[in-house]
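Student: sequence and predicted structure, then a few things I'm wondering about:
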Amino acid sequence: MNTGTTGTTSTTGTTSRGLRLALRVYPAAYRAECGEEITAVHTDATAGAGRLATARETAGVAAYGLRVRTGLTASGTAGRLLATTAPLAAAMALGQQLPVLWHLPQSWQTALPTAESPTNLRPEVVASAFPGALWLLVVAALLLRRWTTARTLAALAALAAIAQWFVQEQVTGTLMPGMPPDYLLLIMSAGEGVLWSLLVFAAPGDLLDSTIARRPRAAVPPALILGASLLLPDVGRLAITPATVVAVFGAGIPLALLSLASLHRGRLLPAAAGLVALPLALNLGLPYYAFFSWYSDQFGNLGLLADYLLAVTLVTLLTAAAVRVLRPTPEAPSLLVAE
């Protein structure tokens, strides 16, 4: 197929150019094989549609092209791994938020201003409840097999976690003109939740429906993760010392390597469990990022955020490389197909 002339004749020239640009996101081989079919489907879907609907369809074409290029599809190992990880990530995130929801009535009562503490903390209490409420809805959507809804709610939970930090900065008076935001607090309060949200959001919805088994025992791994998450202390409140970090990473790195190695045998559940634990490990090492980077010296508070984002990027690239290298062998059994 000549991709340079691929377009749709049912819409305006601008939309046709947009579709051609969207098709460019796909790998050349995939574009040559399926470009005409994608164009035909796009043409049928946008026939008589307005500009907004056409733009949405075109964005969907580009988004799926990005999935194809990154391997986050039903046929890719990364997509299958994320489909296995999504329920575990939702369970882990909910477990971290359930104590906040449990103590919400008490927090609401004690948040009123007093003579000793004249600040009204109720806006902060309300903001802290939103991430947990959204994760409850995410888990409910997963149980009801509403994959698109679950992924959308997970994205909203990430935004709610960031909004919680912003409200906390406003209430405590930290966010003032001329004062830099407390990015350390942002990472400690929202970092893990945002990363778990990304794991859920990145999972291919079409694969979730076919790979999450319709049987009670399929709920056992998420339930175990939820229980473990309830028992884990909040990393942000730990007394982190070099000895603590060495002990955790000394045990965690071999386990992470072992979970990734399980990919080669087609066992995605151990790898998914290791992937879910990565946000906790990233936050645990937060005080020591500055040791490996000059950002904190150059940019101060903002430098710590840069260090964290750099660490997340490096871990993502290393994990993606490991998934690519350790993909299941052809004879490896698939443990994702429902019985």
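Tutor: Ah, there it is. Residues are numbered from 1 along each chain as shown.

Student: and the next element down the chain from the one helix or strand residue 60 maps to?
Tutor: For residue 60, the host element (DSSP states H and E) is helix 51-70. Remark: after helix 51-70, the chain's next helix or strand is helix 77-102, criterion DSSP H and E.

Student: helices and strands around that next one, which ones?
Tutor: helix 122-143, helix 147-172, helix 183-201, helix 205-211, helix 220-231, helix 268-284, helix 301-325 (3 or more CB pairs under 8 Å, 6 or more residues apart in numbering; DSSP states H and E). For every residue, glycine as well, the C-beta is placed using N, CA and C.

Student: for residue 319, give me its contacts.
Tutor: 260, 275, 278 (CB atoms under 8 Å, 6 or more residues apart in numbering).

Student: for those, point out the one with the lowest pLDDT.
Tutor: Minimum pLDDT across those is recorded for residue 260, with 70.

Student: packing partners of the host helix or strand of residue 43?
Tutor: Residue 43 is part of helix 28-46 when elements are defined by DSSP H and E. If you count contacts as 3+ CB pairs under 8 Å, 6+ apart, helix 28-46 packs onto helix 13-24, helix 51-70.

Student: quick one: mean pLDDT over the helix holding residue 60.
Tutor: Rounded mean pLDDT across helix 51-70 is 81.

Student: what helices or strands is that helix leaning on?
Tutor: helix 13-24, helix 28-46.

Student: mean neighbour count and distance to residue 304 for the helices and strands packed on helix 28-46 - can I get that in a markdown table?
Tutor: Below are the helices and strands packed on helix 28-46 laid out as a markdown table (neighbours: other CB atoms under 10 Å; distance: least, CB to CB, whole Å):
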| stretch | mean neighbour count | distance to residue 304 |
| --- | --- | --- |
| helix 13-24 | 17 | 37 |
| helix 51-70 | 16 | 28 |
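
Student: Throw these into a markdown table and include distance to residue 181, thanks.
Tutor: Formatted as a markdown table, those follow (distance: least, CB to CB, whole Å):
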| stretch | distance to residue 181 |
| --- | --- |
| helix 13-24 | 36 |
| helix 51-70 | 31 |
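
Student: quick revisit: is it possible to export the contacts of residue 319 to JSON lines including distance to residue 123?
Tutor: Shown next, in JSON lines, are the contacts of residue 319 (distance: CB to CB, whole Å):
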{"residue": "260", "distance to residue 123": "43"}
{"residue": "275", "distance to residue 123": "34"}
{"residue": "278", "distance to residue 123": "32"}
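
Student: low-confidence ranges in this structure?
Tutor: Scanning the chain for pLDDT under 70 picks out 1-15, 111-120, 172-180, 206-216, 233-257, 264, 266, 286-301, 327-339.

Student: center of it, which residue is that?
Tutor: The structure's the chain has its C-alpha centroid closest to residue 198; by CA atoms, centre = their mean the separation is 1.3 Å.

Student: I'd guessed that one sits against residue 157; true?
Tutor: No - counting by CB atoms under 8 Å, residue 198 stays clear of residue 157, with 10.6 Å between them.

Student: circling back: quick one: the residue nearest to the centre of the chain and residue 144, what's the gap?
Tutor: 22 Å (CB to CB, to the nearest Å).

Student: same check, this time on residue 36
Tutor: From residue 36 to residue 144 the distance is 37 Å (CB to CB).

Student: comparing those two, which shows the higher neighbour count?
Tutor: More crowded of residue 36 and residue 144, by other CB atoms under 10 Å: residue 36, with 14 against 10.

Student: my read: residue 94 touches residue 226, true?
Tutor: Yes - using CB under 8 Å, residue 94 is in contact with residue 226, at 6.3 Å.
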